[in-house]
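Participant: Could you work out the structure for the sequence below:
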Amino acid sequence: TDDTPLIYHYSEPISDPIIRNIGVEIQGKLVPRDALAYQMTLSNLFNLGVFKTIKNDTPNRVLEIGAGYGALAHQFGRILGENDTYFIIDLPEILFWSAAYLTVNNPNNSVYLYDPSTYDPHNLPKIADKYRFVLLPYWRLWDMTAVRPIDLVLNMISFQEMRLAQVE
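Facilitator: This next block holds a predicted model:
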């Protein structure tokens, strides 16, 4: 991280003293075990110039497939502009954890969690304009064509836990 600006350094929010048990505090930041993979991702994206390409005058759309509890999404929420939207596509039971984590740790950012009773895929561009984080189940992936262009697509260590049918 020596050549990476501080804004791109991974940092887990410490929202409760019990959270300190999941990692080690270094320079006032909580560093959990999985943070190394996230920091490597942020540093690599910075060093490759990716952040320069998604910092522009138009709203950016970032898509992560398989975000787990939302740690990388949280980091991007710190980095991206206020009009940018971070989409998460995941298993519905995992979306619950992402929604909880992002809501608790990003009180100034809105989180949309898929609700089949009110969701209309034609409204996805409007949802993207209104919410900072948009969480959809994997079978709604093709709805993302309505919010083109997608400026960056990410996946980190998520497909190994899925059945082949889910990956396909």
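
Participant: all contacts plus neighbour counts: C-alpha atoms, from now on.
Facilitator: Will do.

Participant: Pull out the buried residues from the host helix or strand of residue 41.
Facilitator: Element membership of residue 41 [criterion: DSSP states H and E] is helix 35-47. Across helix 35-47, burial judged by 16 or more other CA atoms under 10 Å covers 35, 38, 39, 41, 42, 43, 46.

Participant: same deal with stretch 154-168?
Facilitator: If you call a residue buried by 16+ other CA under 10 Å, then stretch 154-168 has no buried ones at all.

Participant: tally of neighbours for residue 138?
Facilitator: By other CA atoms under 10 Å, 17 other residues sit near residue 138.

Participant: Tell me who's in contact with it.
Facilitator: 89, 90, 91, 92 (CA atoms under 8 Å, 6 or more residues apart in numbering).

Participant: Find the nearest non-adjacent residue to residue 146, please.
Facilitator: Excluding its sequence neighbours, the residue lying closest to residue 146 (CA to CA, 6 or more residues apart in numbering) is residue 125, at 6.4 Å.

Participant: The one you found against residue 143, yeah?
Facilitator: No - between residue 125 and residue 143 there is no contact under CA atoms under 8 Å: 9.7 Å.

Participant: Which helix or strand contains the residue most central in space within the chain?
Facilitator: In the chain, the residue lying closest to the centroid (CA atoms, centre = their mean) is residue 73, at 2.0 Å. Assigned by DSSP H and E, residue 73 belongs to helix 71-79.

Participant: quick one on the thing from earlier: keep only those of the contacts of residue 138 that are in helices.
Facilitator: residue 92 (DSSP state H).

Participant: Columns distance to residue 98 and pLDDT on top of the contacts of residue 138, output as CSV?
Facilitator: Output for these, formatted as CSV (distance: CA to CA, whole Å; pLDDT from 0 to 100):
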residue, distance to residue 98, pLDDT
89, 10, 96
90, 9, 93
91, 11, 90
92, 10, 92
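
Participant: Can you select the buried ones among the contacts of residue 138 for me in PyMOL?
Facilitator: Listed next is the PyMOL selection for buried residues among those, using 16+ other CA under 10 Å:
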select buried, resi 89+90+91+92
